Every structure is written in C-alpha cells, then in structure tokens.
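**Q** Predicted model and sequence below, questions to follow.
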Amino acid sequence: MKKTIALVCLGFAFTVSAPAFASAQQEKMKGCNKEATGMKGDERNAFMKKCLSKDYMLKTAAGAPAAAAAPPAQQDKMKACNADAASKGLKGDERKKFMSACLKG
C-alpha cells in the first residue's frame with residue numbers, strides 16, 4: 001500500500017513538472033530554428049545537434065544570450081514570493097492572498 005501511494009505521488013510530481021521542462025525545450029527549439037535559417041542538409045543537422053545541447057547559449061537579435069532576455073522562471077518567482085511572505089511573517093489566508101497577488105504580478 002505504501003509503495004502504491006509513493007508511486008502515485010511520484011507520478012503526480014512528474015506530471016506537474018513535465019510542462020515546465022517541455023516549454024523550455026520548445027523555446028530553445030524555436031531559437032535554434034531561427035538561428036539555422038538558410039542552412040540545409042548536413043550543415044543544418046550538425047548545427048541543430050550543437051544548438052540543442054545544454055551548453056549552447058542562444059543568441060538574440062542584439063547578440064546577447066537569450067536567457068538574459070527571458071522573464072524570470074516560475075520557480076524563481078515562487079522562491080522570491082515565498083521569501084517576501086516569510087520576511088513579512090504572513091500566515092494563513094493573508095499568506096495565500098499575498099502569494100496569489102505576488103505570483104500574478
């Protein structure tokens with residue numbers, strides 16, 4: 001019974017976190033496709049393989065890395081809002097209202 005509950009919880013965690021990973025990969029794929037404009041065949045395949053690796057930094061129109069231009073990730077926003085709520089000593093309904101407003105804005 002405990003194993004079943006553990007597996008259900010683990011499955012839920014993967015289900016909830018999967019869209020975050022998928023969207024980041026999709027954004028990287030869009031950027032790589034934009035940078036590969038004009039390439040064909042083996043040249044494009046080699047570039048896409050290099051571009052989609054975790055070490056490659058996408059370029060934006062201004063030449064800066066794409067990561068610097070992206071808005072803060074939801075996880076970073078959650079950490080900042082949690083820290084603010086903790087420093088203000090908020091609990092219960094006050095904390096829920098604060099977190100909701102903080103995460104929206």
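**A** Ah, there it is.

**Q** contacting residues for Leu90?
**A** Phe98 (C-beta atoms under 8 Å, 6 or more residues apart in numbering). In this view, the C-beta of every residue, glycine as well, is placed from N, C-alpha and C.

**Q** what's the weakest-modelled helix or strand in the protein?
**A** helix 66-69 (a mean of 48; mean pLDDT, DSSP states H and E).

**Q** Using CSV, write out every CA atom in the helix or strand just after that helix.
**A** As assigned by DSSP states H and E, the chain's next helix or strand after helix 66-69 is helix 74-87. Extracted in CSV, the C-alpha atoms of helix 74-87 (Å, rounded to 0.1, in the frame of the first residue of the first chain):
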residue,chain,number,x,y,z
GLN,A,74,8.0,30.4,-12.4
GLN,A,75,10.2,28.6,-9.9
ASP,A,76,12.4,31.7,-9.4
LYS,A,77,9.3,33.8,-8.9
MET,A,78,7.9,31.4,-6.4
LYS,A,79,11.1,31.5,-4.4
ALA,A,80,11.1,35.3,-4.3
CYS,A,81,7.4,35.4,-3.3
ASN,A,82,8.0,32.8,-0.5
ALA,A,83,10.9,34.8,0.8
ASP,A,84,8.9,38.0,0.9
ALA,A,85,6.0,36.3,2.6
ALA,A,86,8.3,34.8,5.2
SER,A,87,10.1,38.1,5.9
